[in-house]
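# any chance you can model this:
(chains A and B)
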Protein chains: 2
Amino acid sequence: MRIEAFTVDNVPRVKGGDDITDFLQDTDLRDGDVVIIASTIISKAEGLMESLETFSPSGRACGIAERLHEDPCFIEAVLGETTEILIEKPFFLVVSKFGQVCVNAGLDRSNVAEGFVLLLPDDPSENARQLRDRIKDRFGKNVAVIITDTCGRSFREGQTGVGIGFAGIAAMKDWRGVKDLEGKALEITNEGVGDEIAGLANLMMGEGAGGTPLVIVRGISYEDRDCPVFRSEETDIIRQAIRDANRQSKA
Amino acid sequence: MRIEAFTVDNVPRVKGGDDITDFLQDTDLRDGDVVIIASTIISKAEGLMESLETFSPSGRACGIAERLHEDPCFIEAVLGETTEILIEKPFFLVVSKFGQVCVNAGLDRSNVAEGFVLLLPDDPSENARQLRDRIKDRFGKNVAVIITDTCGRSFREGQTGVGIGFAGIAAMKDWRGVKDLEGKALEITNEGVGDEIAGLANLMMGEGAGGTPLVIVRGISYEDRDCPVFRSEETDIIRQAIRDANRQSKA
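Predicted coordinates:
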């Protein structure tokens, strides 16, 4: 197996109303390519940049902000994207409205003007589907689309790229039924291939002013079906343990 | 930026005493390549395949095995690689002797004969260093080496490839001091690039009888310094929350 991956260079600063497929017009896309897009430019194109001043911090936001030495308006913005708080301190770990467990719900103040924050799309997979359809319409190519974010991990240092929206590609590869070298069933049954691709793309995107928000990966075979990438509450044992610990500390 | 990655094909079944660099002799390695190796073949070459019968389960192992409907000998083998138990049920999440938090300490019974288990190297980064030196000696190329495992994640479905041993490449990229598009400091400061590369390699390796344990990634620029990939106990907030929840359930 051989794959290649390349950045789409010279993407201009993205602003509200931009058509992201414009940035792909000089790219020789092929059927089967995976197009990986940083969620930041999805948010920018959707006009989701907001002045922090527009958020009136609640008492709750002020309390959290004080404990975290954070801007209360920013915490209020995070709360607006949040369905559950898991950890308040030393970092604000929450469940985002589309189900991702992430510090600050994934809201970022990097690469936006001072005093502004970039909100998240409501349903990144819907953005991915629209982009995939638009690429098909405009360039006649069947590609998969992954929208990525950068997120810390439990137990391991550092942040890595992960997928938050998928279209035309299953976030998981299902290995059930595949046999090992000895003809036995595999112990690995569900591989997060979407995040493995997102991680590579994140590495290539880089961060900061020198970064590029678009990467193409070519040569990967993948399945196309809907499957969840975020654990459901029932199967998320770590989330349950954190809740138990929270109940204990409040008791 | 453009990278390419390819599998090293036709790797035979690895057995104790094999020299892993033998499998690379037909590969046109270049300076700067990253050589990614599944930990399973490190363990096999090190002769770490053990019959489960050689493990005499303690009372503790028997209790855990009963609750998990597992083989007590296998649980005893896991306990031998474990420094701390975080979760017993519904899966056995522990800290391995080299610091990885992983189900069953990362022990796997796939791709080994029925009734056997593959133990883990004591210090995978030491294996990586030895392999890197041997590649330099034998082929005259300066490469980086990452030894990978496959591991589940908190909050997200599926398992992905991660690095457990590194040589010649920093597991983290340090973004401190880099500015964003607006000249502000980045909020992302530490990127787990080693795991992002490991994830891509894991995707290419595949699982089961059709898998291949060796992948080469070419075209990535990386730093070479020692940095931890496993969170220390002090900074591992999720681990602390799980401990707190455990204390509660025992109280």
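# what's the helix or strand for residue A:197?
In this structure, residue A:197 sits in helix A:193-205 according to DSSP states H and E.
# what packs against that helix?
strand A:2-7, strand A:34-38, strand A:144-152, strand A:159-167, strand A:214-218, strand B:159-167, helix B:193-205 (3 or more C-beta pairs under 8 Å, 6 or more residues apart in numbering or on different chains; DSSP states H and E). Bear in mind the C-beta positions are built from the backbone N, C-alpha and C, glycine included.
# right, and the ones you listed - which one's nearest residue A:63?
Closest of the helices and strands packed on helix A:193-205 to residue A:63 is strand A:144-152, at 23.2 Å (criterion: C-beta to C-beta).
# still on that earlier bit, relative to residue A:113, which of the helices and strands packed on helix A:193-205 is closest?
strand A:34-38 (17.7 Å).
# count of residues packed around the nearest residue to residue A:18 once chain neighbours are set aside?
With sequence-adjacent residues excluded and distances taken as C-beta to C-beta, 6 or more residues apart in numbering or on different chains, residue A:18 is closest to residue A:45, at 4.6 Å. Applying other C-beta atoms under 10 Å in any protein chain shown, we find 21 other residues in the vicinity of residue A:45.
# coming back round to it: TSV for the helices and strands packed on helix A:193-205, including distance to residue A:20?
Output for the helices and strands packed on helix A:193-205, formatted as TSV (distance: least, C-beta to C-beta, whole Å):
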stretch	distance to residue A:20
strand A:2-7	15
strand A:34-38	7
strand A:144-152	10
strand A:159-167	13
strand A:214-218	8
strand B:159-167	27
helix B:193-205	23
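# quick check, residue A:5 in contact with residue A:205.
No. Residue A:5 lies out of contact with residue A:205 (C-beta atoms under 8 Å); the separation is 10.7 Å.
# anything in contact with each of those two?
residue A:215 (C-beta atoms under 8 Å, 6 or more residues apart in numbering or on different chains).
# these two: which is more packed in?
When residue A:5 is set against residue A:205 and neighbours are counted by other C-beta under 10 Å, the residue ahead is residue A:5, at 27 against 24.
# mind listing what the more buried one touches?
A:200, A:201, A:204, A:215, A:216, A:217, A:218, B:2, B:3, B:4, B:5.
# reformat those residues as a markdown table; add distance to residue B:128 and pLDDT.
Conversion of those to a markdown table gives the following (distance: C-beta to C-beta, whole Å; pLDDT from 0 to 100):
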| residue | distance to residue B:128 | pLDDT |
| --- | --- | --- |
| A:200 | 20 | 97 |
| A:201 | 25 | 98 |
| A:204 | 23 | 97 |
| A:215 | 27 | 98 |
| A:216 | 30 | 98 |
| A:217 | 26 | 98 |
| A:218 | 29 | 98 |
| B:2 | 26 | 97 |
| B:3 | 20 | 97 |
| B:4 | 22 | 98 |
| B:5 | 18 | 98 |
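# which one (most neighbours) among those?
Greatest neighbour count in the contacts of residue A:5, by other C-beta under 10 Å, goes to residue A:200: 30 neighbours.
# leaving out the residues flanking it, which one is nearest to it?
Closest to residue A:200 by C-beta to C-beta, 6+ apart is residue B:200, at 4.1 Å.
# for residue A:243, find the nearest of the helices and strands packed on helix A:193-205.
The minimum distance between residue A:243 and those falls on strand A:144-152, with 19.1 Å, by C-beta to C-beta.
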